[in-house]
Each structure stands twice: as structure tokens, then as C-alpha cells.
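# based on what follows, work out the 3D shape:
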Amino acid sequence: MSNPAVTEFPDVIDWTEAMEQCGDDEEFLMELLSDLRGEIDAQIVKIDDVLENSINDQSFLLIMRASHVIKGASSNLMCEQLRKTSTDLEQTAAGANGIAMEDKAALDIATEKVKKEYAQLKTAVDDYRDFVDKIEEYAE
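All right, here's what the predicted structure looks like:
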């Protein structure tokens with residue numbers, strides 16, 4: 001593909017590998033990338049909902065699940081930046097998940113770590129959205 005977005009966003013996707021995963025069918029890959037954007041958006045809404053409310057005994061589990069979905073889908077499409085940041089968030093949330101609700105100090109520290117990892121994921125999501133917008137614009 002001679003789409004400039006592919007070279008402009010090298011950390012977002014390994015285009016060659018993604019094309020191989022899709023049998024070199026660029027149209028199919030574009031459809032999958034668009035679907036991934038929708039799935040990511042749905043998971044980001046879930047994480048935002050958790051972080052906008054008081055932390056409870058399910059909060060970190062919900063963040064783990066949502067980041068796991070992003071990790072799996074982005075891995076399949078060779079989107080390394082999304083895979084790495086969602087993995088980091090999933091692992092940080094997993095570490096926080098075992099903290100007793102009564103241990104407010106530990107929960108506060110863990111919540112801040114999760115928020116820090118989430119900020120990294122949001123940057124990767126923004127980069128991914130910019131990439132998909134560019135390739136769709138170029139395809140028109």
C-alpha cells in the first residue's frame with residue numbers, strides 16, 4: 001500500500017504483518033481496522049465509567065476485562081502500541097484487583113497507577129484513531 005498513513009504511524013500497526021494476517025486483502029483489513037475502532041471505543045467507555053465512579057470491589061476486574069479485549073483484538077491486527085498499552089493496563093489492574101477495599105491507602109496508590117497506565121492507553125487509542133482516519137481519508 002502506498003498510503004502515507006502507513007509510514008506516518010509506524011508504531012500503530014505493522015502493516016505488512018497485518019496484511020499477511022488478512023491474506024493480502026486490503027479491503028478486508030480496512031474493514032477489520034474499522035471494526036477494531038468500534039470495539040476499542042466500546043471498551044474505553046467501560047473503563048471511563050469505572051474511573052468516573054467510586055472504586056468498588058469490581059472496578060479493577062472490569063478494567064482488566066476491557067483492556068484484555070483491546071489487547072486481544074489489537075494483537076490479531078498487529079497493532080503493537082495498542083497491544084502493549086492495553087497489556088500494561090490489564091496487568092496493573094490485575095495487581096490492584098487483590099487489594100482489600102478497607103485498605104484505602106493502597107487502593108489510592110493502585111488507582112493512580114491504573115490511571116497512569118490508562119492515560120498511556122488513551123494516547124495509543126488516539127494514535128490509532130488518527131491512523132484509521134488517515135487511511136480512510138486516503139481510500140476515498
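
# for the chain, longest helix please?
Assignment by DSSP state H gives helix 104-139 as the longest helix of the chain.

# buried stuff in that one?
Across helix 104-139, burial judged by 16 or more other CB atoms under 10 Å covers 107, 110-111, 114, 117-118, 120-121, 124-125, 127-128, 131-132, 134-135. Every residue, glycine included, has its C-beta placed from N, CA and C.

# and these, which is closest to residue 80?
Top of the list for closeness to residue 80, among those and by CB to CB, is residue 124 at 9.2 Å.

# OK, contacts around that closest one?
For residue 124, the contact set (CB atoms under 8 Å, 6 or more residues apart in numbering) comprises 12, 81, 82, 84, 85, 86.

# secondary structure, neighbour count and distance to residue 36 for those residues - can I get that in JSON lines?
Listed next are the contacts of residue 124 as JSON lines, based on DSSP: H, G, I helix; E, B strand; the rest coil; neighbours: other CB atoms under 10 Å; distance: CB to CB, whole Å:
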{"residue": "12", "secondary structure": "coil", "neighbour count": "25", "distance to residue 36": "11"}
{"residue": "81", "secondary structure": "helix", "neighbour count": "21", "distance to residue 36": "13"}
{"residue": "82", "secondary structure": "helix", "neighbour count": "25", "distance to residue 36": "8"}
{"residue": "84", "secondary structure": "helix", "neighbour count": "17", "distance to residue 36": "15"}
{"residue": "85", "secondary structure": "helix", "neighbour count": "24", "distance to residue 36": "14"}
{"residue": "86", "secondary structure": "helix", "neighbour count": "29", "distance to residue 36": "12"}
